[in-house]
Every structure is written in structure tokens, then in C-alpha cells.
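Novice: predicted structure and sequence below. I'll ask about it afterward.
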Amino acid sequence: MTTLFDRAGGQQRPAGRQLRRTAALAVTVFALGTALPAPASAAPSGPRPATAPAEVAVHDQAVGEADQKAVLDYWTPQRIAALNGKPSDNPPRSGPDGAPWTSGSALTRTVGRLFFTDHGEDSSCTATVVDSANGSTVVTAGHCVNNGNLLGEDNQWSTHMMFVPGYHDGAAPYGKFVGRLGVAAATWLKNDAQHSEKFDGYDQAFVVLNRDAQGGRLQDVVGAAQKIGLDEPGDRPVYQFGYPRAASDPAREGLPEYTGARLAYCTGQAKEYPGTPDWPEPKDQWGTACVMGGGSSGGPRIAGFDPKSGLGTVVGDNTTSGFFDSAGQVCADDAPGCVRHLVGPQFTSDVTGPLYERAQRTT
């Protein structure tokens, strides 16, 4: 049997594609069947799939007070703890490709852990408060809001959606916010296991949140929001944040920032991942070297980030992984010297713009 991480975990299945599956599995899943040949290491030579303008799909989550209370009651401390990765005795280790975020600032108020249920299984991703007209909008990955099953079929909207800004070791320092409306690209809902590489540019979504138990709006309660940038250049230094429940580096596996308990980050020069000849990615899939695994899906890729203020511009989200060698060429994940990058779509006015506008205008 072959071990697989969930989507942002980035462990490739033998055919070279991640299963279109979120963090609903604890850390790994097992693939059935005979392994297929590994993908070629060269970059695609032909045209890459294009990402067309998005039509918007929306889904009501918990709107009434009774439904909101049911979500809050659902996420008991025990249920949340069950999602976390197993701690280890590994000594602390960090680098630009993965480290705990220990500073305060607006960053720890605007990035949080997103809990939900996917096809009956509890799961978590990462989401970010973005400046919005309604003051109640977060951005995350499409597969955290709507997803298929292990076979890439039976798309369903996630349920029991709850956002905890600044989540840390089980604490909710700024309260808990229940999802009210999910917003994704209609094209993303057509994704399937055989053609998912054509849809990865749509792996982005927004969630509009209800007010908290005291009637406060998200943006007012946390006192900050990140800017969202459309059509920004991808070839820039970036910071990427997430609540991973696993690490691709065995030496960091089980550290608190890789169990889902604490916020982690990576920073460096973003590279565009074209995919492989067998599985080309659409244009504008960007990210930097990063060991963050499952649970970091939906986390922000921030350009122009000021570590002191904790503010910058969200230009994309974490969705999957790509691998490069020291010469910058695409390589197989198990090749010597192959470095894992955490990548995802760059936000655009064609795809992200309609989703963002629909979300932020919801009152």
C-alpha cells in the first residue's frame, strides 16, 4: 500500500496527481491498486490548461440561531483535539521552509484555523480575514468549502463550518465564528479525479461568517484584515502561513506547529509550478519551498508582508505541492535533491474577483 498525505500534504499518488481530498483524513490515507509509473521529471512542453473567468456558486451554511448553536456545540474540545497530529520527541528545528510563527501582530489575529466536516469526516484547513464590505469574510481553498470523495466524485459542500482566528493550543483568543455562506467557482464543482489538474486554478473560495456570540463582526473583533490582491505578479518573495497537521520533513514531524496546534509559516522566492508532462498544471500556480502538510490548505500566500505589523497582501492560497531540483527543474518527489514547494493559484480578477465580490457584498 502507498501512503498519501491529503491535498496540501503534497505526497503524490503514483499517477502523479494528489487525490482530490482535503484534510478530512487524519494525516494519511492508503491507496488501493497497483502503483503506476512515476511521472516524468521534465516540465510540460505543450500548452498548459487555461483558467477561464469564473461563474459563482454559493451555498447557505448555518443561517439561523439554532443552526449556529448546533455548529458551536458540535466542535467540542475533544472533537477538535482528535484532528491534531501526534506529537513527537523531535527537537525544535526551523528554517525558511518551515518554522513556528511566534510573533504577535495583526498576523495572529487575521489567520486562523477553519474547522468543517467533509463527507461525514471532521477536517480542518486554514483561512484568512480579508478586508471586506461586510467585515465578515475569509478566504481559503476551494476544496475546504466544496469537495469530492476519495474517487473524485460526489461533490458536496462542507458542513459544520467554524473559523477560529488566532487559534493556538486549543484556545480561541478572539472567539469562534460560524460559517453563513460558502462561495466557490461553479467550475470547481465540476472537478473530478481524472481531470483535476485542469481545475486547480479554481481551488479558492470565500466563507462569509456570522457574528460571534456577542454580536460582533469578525473584522471588528480581531481589529485587522489583510488586503487581497488581484492580478499581482507571482514571481516575488512571499510568506505562506498555515495550521499543518503534518510535515514533509521527518525531523519536524510532530513538532507543535505541525500537529495543527499552532501557526506555522514558510518564506522565500515564489516559483511557478507547471506540473509534469502527464499532469500539467494551469498557469499561475505559485509557491515557495515549504514542509507544511495537510491542514495548511487554504492558508494565505502573502506578498509585501511586513513581519513587524503582520500585514501584507494575500495574492494566493495554499492548495497542493510541486517539486523542483537545485537547477529549478521539475522533479519527482522522491528524487535526490528534490525540494518540495507548497503551491496554489495566484488570485486574479477573472476568477477570484467575482467570488470576492459576491462574498463581501453579502449582508
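Specialist: Received the coordinates, thanks.
Novice: for this structure, just list every one of the helices.
Specialist: 65-74, 77-81, 107-110, 142-145, 218-222, 352-360 (DSSP state H).
Novice: just how off-centre is the second one within its chain?
Specialist: In other words, helix 77-81. Offset of helix 77-81 from its chain centre (CA atoms, centre = their mean, to the nearest Å): 21 Å.
Novice: ok, the third one next?
Specialist: In terms of CA atoms, centre = their mean, the centre of helix 107-110 is set 16 Å apart from its chain centre.
Novice: who touches that helix?
Specialist: 101, 128-129, 165-166, 168, 174, 222-226, 241, 263, 310-311 (CB atoms under 8 Å, 6 or more residues apart in numbering). C-beta: built from backbone N, CA, C; applies to glycine.
Novice: pLDDT weak spots in the chain?
Specialist: For the chain, applying pLDDT under 70 flags the ranges 1-50, 192-198.
Novice: go again using 90 as the cut-off
Specialist: Within the chain, the segments meeting pLDDT under 90 span 1-54, 103-104, 148-155, 190-200, 276-282, 326, 332-336, 363.
Novice: look up phi and psi at the residue nearest to D212 when sequence neighbours are not counted.
Specialist: Closest residue to D212 apart from its sequence neighbours, by CB to CB, 6 or more residues apart in numbering: G175 at 4.4 Å. The phi/psi pair for G175 (degrees, to the nearest 10) reads phi 90, psi -170.
Novice: for the closest residue to M292 other than its chain neighbours, grab the count of nearby residues.
Specialist: Nearest residue to M292 in three dimensions, chain neighbours excluded: P244, at 4.0 Å (CB to CB, 6+ apart). Neighbour count of P244, defined by other CB atoms under 10 Å: 36.
Novice: who's in contact with P244?
Specialist: Applying CB under 8 Å, 6+ apart, the residues contacting P244 are 8, 257-258, 260, 264, 292-296.
Novice: and the gap between it and K283?
Specialist: Distance of P244 to K283, computed by CB to CB, to the nearest Å: 26 Å.
Novice: what sits up against stretch 222-229?
Specialist: Stretch 222-229 is contacted by residues 106, 109-110, 128-132, 135, 139, 165-166, 174, 219, 300, 302-303, 310-315, 347, 352, 356 when judged by CB under 8 Å, 6+ apart.
Novice: pull that stretch out as PDB, backbone CA atoms only.
Specialist: C-alpha atoms of stretch 222-229 as PDB (Å, rounded to 0.1, in the frame of the first residue of the first chain):
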ATOM      1  CA  VAL A 222      -9.900  41.000  15.500                       C
ATOM      2  CA  GLY A 223      -9.300  44.600  14.700                       C
ATOM      3  CA  ALA A 224      -7.400  44.000  11.500                       C
ATOM      4  CA  ALA A 225      -7.700  42.500   8.000                       C
ATOM      5  CA  GLN A 226      -5.300  41.600   5.200                       C
ATOM      6  CA  LYS A 227      -5.600  43.200   1.800                       C
ATOM      7  CA  ILE A 228      -6.400  41.000  -1.100                       C
ATOM      8  CA  GLY A 229      -4.500  41.400  -4.400                       C
END
